[in-house]
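Undergrad: For reference, the sequence and a predicted model appear below.
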Amino acid sequence: MTNEEKYTNAFCQAFDIDADTAKGLKFQAIDAWDSVGHMGLVAQIEEAFDIMLEPDDIVDLNSYEKGKEILAKYNVEFA
Amino acid sequence: MWNLLEFKDNTAVVTEDGETFSYARLSEETEALAAVIPARCLVFNLCSNTVGSLIGYVSFINHGIVPLMLDEHIDRELLDIFLTLYKPDYLWLPSEKTAKFEGESVYASNGYTLLKRADEHVYPLYEELALLLTTSGSTGSPKFVRQSYKNIKANTRSIVEYLEIDETERAITTLPMNYTYGLSIINTHLAAGATLLITRKTLMQREFWDFFTQQKATSFGGVPYTYEMLDKLMFFRRKLPDLRTMTQAGGKILPELHKKFAEYAGREGKRFVVMYGQAEATARMAYLPAAKALEKCGAMGIAIPGGKFDLIDADGGRITTPETVGELVYTGDNVTLGYAVCGEDLAKGDERGGVLQTGDMAKFDADGYFYIVGRKKRFLKIFGNRVNLDETERLIKAHYPDFECACAGVDDAMKIFVTDETKIKEVQTFVAEKTHLNFTAFHVKYLPEIPKNDAGKTLYAELNDK
């Protein structure tokens, strides 16, 4: 799996959605992405890339796109 | 209820956009709204953590208008059931939602609109009835707790006293206004002339923390799950010099987390106050004094000022020996009138006489501190919301009559067993939508058959192992 696929899959798993819905998604745009769902998403991303997100990054992760920017800091590169 | 002009120059509210409302302005806004509504009307308040929603609540309570408090995002089908059952005279709701409802727009302020419905005084209201609240969470049950003016006053007075809330406090909202615990924070701070920092943002958003620090929040409340989130956010590393008090209620916090936050509070000169309550007791019945937070880790504390606990054994006798488990019974002026399940019930008087059987099993230690050890009734706390297992079953069965189901599980993780393998996902989505709780709390599993005894009663003990 590419990093892009792993990343998208984290959203799919956390919110029970398909890849198309995941792309472009924003915090609270769907019921599943509330603060509880956010905890699940963070756990999925951390597991997928074997990293620990900093608290500042957890609260900044407010969209699919923003998450990619954040992951760059953890040396996760997207093609 | 509140003498807003007593604190007229104090700041009552700061909104998430930074707009401030003095007590004088809050008073003006609430008087203006009340002027267009006759007293003793029933109003559905579709709540959000915004100043518009707050103005409605304060105005109604201060003027003998009875609000029924619901989340603005409530499932529409459920809301329609409530509208049919209770026939409110008015709706007070976010202005952008008015097009979705029948009724004439008669007043608007601060993003909220008052809709006059066709129904008028359909059901008489008991003279002492002040407020209607759900028992938290909604499983389609039309059951509301009937709270009186005396209930709210008594509970507010007790809480202000034991938490020592004064004019200098600045509480930030972390809980919904239609939730008893969130509402008690509003009630107490307005009674003390303190400031409410009102935001819809959650603690998983940067904007929340920016608002928190910029507005120098001194306190917040949280359910057990809130504290799990704070732990994940490494809350202890944050510099929050203005923070004084953290309160916790809405279910039993894990003892490890209780200890962690009590230690943090001790280290940083802050207070961590574990509390216990129910909507049936207005909000609060017990608290663990901050000074005892570490020593009595795992306890929910002692009765609030003006309240009293008794433990009752299986034979109805009063337990006097420490470390003996019995049903917790609370007595106090904050014990609510009773329930309403339909419009006719709004005329009912006080059915409890100040005594509440909590349905919780508890014990006390040699020093008189109480510990919750279990529940008599079949319900779970999911993210602080009480969700009745039997009601959830009925909800599913009513919608899916073609297969069987049974609900069990632990707090924050309900297990739903279904006898149709193809409906697992659908049931999960259905329950999440109806309860408006995150779907991850519902674990739906397939069982070819629900275990039952000869009388046809579900064997829940067996289910918990599956």
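TA: Sure, I can see it. Numbering: from 1, shown residues only, chains lettered A, B, ... in the order given.

Undergrad: who in chain A is up against chain B?
TA: A:16, A:27, A:31-32, A:34-40, A:42, A:55-56, A:58-60, A:62 (C-beta under 8 Å from any C-beta of the partner chain). Backbone N, C-alpha and C define where each C-beta goes, glycine included.

Undergrad: are any of those buried, and which?
TA: A:16, A:27, A:31-32, A:34-40, A:42, A:58-60, A:62 (16 or more other C-beta atoms under 10 Å in any protein chain shown).

Undergrad: Of the residues you listed, which belong to strands?
TA: Nothing among those maps onto strands, per DSSP state E.

Undergrad: Among the residues you listed, show me the least confident.
TA: By pLDDT, residue A:31 ranks lowest within these, coming in at 90.

Undergrad: Spatially nearest residue to residue B:124 (excluding sequence neighbours)?
TA: Spatial nearest neighbour of residue B:124, excluding adjacent residues (C-beta to C-beta, 6 or more residues apart in numbering or on different chains): residue B:347 at 4.6 Å.

Undergrad: and if you look at residue B:459?
TA: Counting by C-beta to C-beta, 6+ apart, the residue nearest residue B:459 is residue B:451, at 4.4 Å.

Undergrad: In terms of pLDDT, where does residue B:453 sit?
TA: 88.

Undergrad: Also residue B:465?
TA: pLDDT, residue B:465: 78.

Undergrad: Can you read off the backbone torsions of it?
TA: phi -90, psi -10 (degrees, to the nearest 10).

Undergrad: which residues sit in contact with residue 27?
TA: No chain specified, so I'll use chain A. A:33, A:38, A:61, A:62, A:63, B:204, B:205 (C-beta atoms under 8 Å, 6 or more residues apart in numbering or on different chains).

Undergrad: sorry, should have said chain B
TA: When contacts are counted by C-beta under 8 Å, 6+ apart, residue B:27 touches B:4, B:5, B:8.

Undergrad: Neighbour count added to those residues, as JSON lines?
TA: Converted to JSON lines, the contacts of residue B:27 look like this (neighbours: other C-beta atoms under 10 Å in any protein chain shown):
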{"residue": "B:4", "neighbour count": "23"}
{"residue": "B:5", "neighbour count": "12"}
{"residue": "B:8", "neighbour count": "15"}
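
Undergrad: any idea which of those is the one closest to residue B:89?
TA: Closest approach between these and residue B:89, by C-beta to C-beta: residue B:4, at 24.2 Å.

Undergrad: In three-state terms, label the closest residue to that closest one other than its chain neighbours for me.
TA: Leaving aside its sequence neighbours, residue B:4 sits nearest to residue B:27 (C-beta to C-beta, 6+ apart; 4.0 Å). At residue B:27 the chain is in helix, as set by DSSP: H, G, I helix; E, B strand; the rest coil.

Undergrad: Spell out which parts of the stretch 201-350 of chain B neighbour chain A.
TA: Proximity of the stretch 201-350 of chain B to chain A is confined to B:202-206, B:208-209, B:225, B:228-229, B:232-235, B:237-238 under the rule C-beta under 8 Å from any C-beta.

Undergrad: could you redo the last one with a cut-off of 10 Å?
TA: B:201-210, B:225-226, B:228-230, B:232-235, B:237-238 (C-beta under 10 Å from any C-beta of the partner chain).

Undergrad: Pull out the buried residues from those.
TA: Members of these classed as buried by 16+ other C-beta under 10 Å are B:201-205, B:208-209, B:225-226, B:228-230, B:232-233, B:235.

Undergrad: So which of these are in helices?
TA: When DSSP state H defines the helices, the subset of these inside them is B:208, B:209, B:225, B:226, B:228, B:229, B:230, B:232.

Undergrad: what's the fourth one in contact with, if anything?
TA: Meaning residue B:226. Contact analysis of residue B:226 by C-beta atoms under 10 Å, 6 or more residues apart in numbering or on different chains lists A:35, B:174, B:175, B:202, B:203, B:220, B:246, B:248, B:250, B:253, B:383, B:384.

Undergrad: Let me know whether the fourth one touches residue B:212 as I believe.
TA: Spelled out, that is residue B:202. No - contact criterion C-beta atoms under 10 Å: residue B:202 and residue B:212 do not qualify, at 11.7 Å.

Undergrad: shared neighbours of those two, which are they?
TA: residue B:174.

Undergrad: that older thread, next one: the residue nearest to residue B:4 from residue B:436, what distance?
TA: 33 Å (C-beta to C-beta, to the nearest Å).

Undergrad: The one residue in the stretch 1-150 of chain B that gets nearest to chain A: how many residues sit nearby?
TA: Proximity of the stretch 1-150 of chain B to chain A (C-beta to the nearest C-beta) peaks at residue B:73, 8.3 Å away. As a burial measure, residue B:73 scores 12 neighbours (other C-beta atoms under 10 Å in any protein chain shown).

Undergrad: just for the chain, where's the confidence low?
TA: In the absence of a named chain, this looks at chain A. Scanning chain A for pLDDT under 70 picks out nothing.

Undergrad: oops, I was thinking of chain B
TA: B:136-140.

Undergrad: Which segments of it make up each domain?
TA: B:4-306+B:333-347, B:379-463 (automatic domain parsing).

Undergrad: Please indicate which of those has the most neighbours on average?
TA: domain B:4-306+B:333-347 (a mean of 20; mean count of other C-beta atoms under 10 Å in any protein chain shown).

Undergrad: how long is it from one end to the other?
TA: End-to-end span of domain B:4-306+B:333-347 (C-alpha to C-alpha, to the nearest Å): 29 Å.

Undergrad: Then stretch B:285-300?
TA: With C-alpha to C-alpha, one end of stretch B:285-300 sits 10 Å from the other.

Undergrad: same question, stretch B:194-201
TA: Stretch B:194-201: ends 21 Å apart by C-alpha to C-alpha.

Undergrad: Just confirm residue B:36 is within a strand.
TA: No - Residue B:36 is assigned coil when assessed by three-state DSSP, not a strand.

Undergrad: Tell me who's in contact with residue B:413.
TA: Residues near residue B:413 by C-beta under 10 Å, 6+ apart: B:380, B:382, B:440, B:441, B:442, B:443.

Undergrad: In JSON lines: the residues you listed, plus distance to chain A.
TA: JSON lines is the format used below for these (distance: C-beta to the nearest C-beta, whole Å):
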{"residue": "B:380", "distance to chain A": "15"}
{"residue": "B:382", "distance to chain A": "9"}
{"residue": "B:440", "distance to chain A": "5"}
{"residue": "B:441", "distance to chain A": "7"}
{"residue": "B:442", "distance to chain A": "11"}
{"residue": "B:443", "distance to chain A": "12"}
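
Undergrad: now these in TSV, with distance to residue B:423?
TA: Shown next, in TSV, are the contacts of residue B:413 (distance: C-beta to C-beta, whole Å):
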residue	distance to residue B:423
B:380	21
B:382	21
B:440	18
B:441	18
B:442	13
B:443	14
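
Undergrad: could you dump those to CSV with secondary structure?
TA: Below are the contacts of residue B:413 laid out as CSV (three-state DSSP):
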residue, secondary structure
B:380, strand
B:382, strand
B:440, helix
B:441, helix
B:442, strand
B:443, strand
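
Undergrad: For chain A, see how far away the nearest residue to residue B:165 once chain neighbours are set aside is.
TA: Setting aside the residues directly before and after it, residue B:165 is nearest to residue B:192 in space (C-beta to C-beta, 6+ apart), at 4.4 Å. Distance of residue B:192 to chain A, computed by C-beta to the nearest C-beta, to the nearest Å: 28 Å.

Undergrad: Report the contact partners of residue B:192.
TA: Neighbours of residue B:192 in contact, by C-beta under 10 Å, 6+ apart: B:2, B:7, B:10, B:156, B:159-160, B:163-169, B:171.
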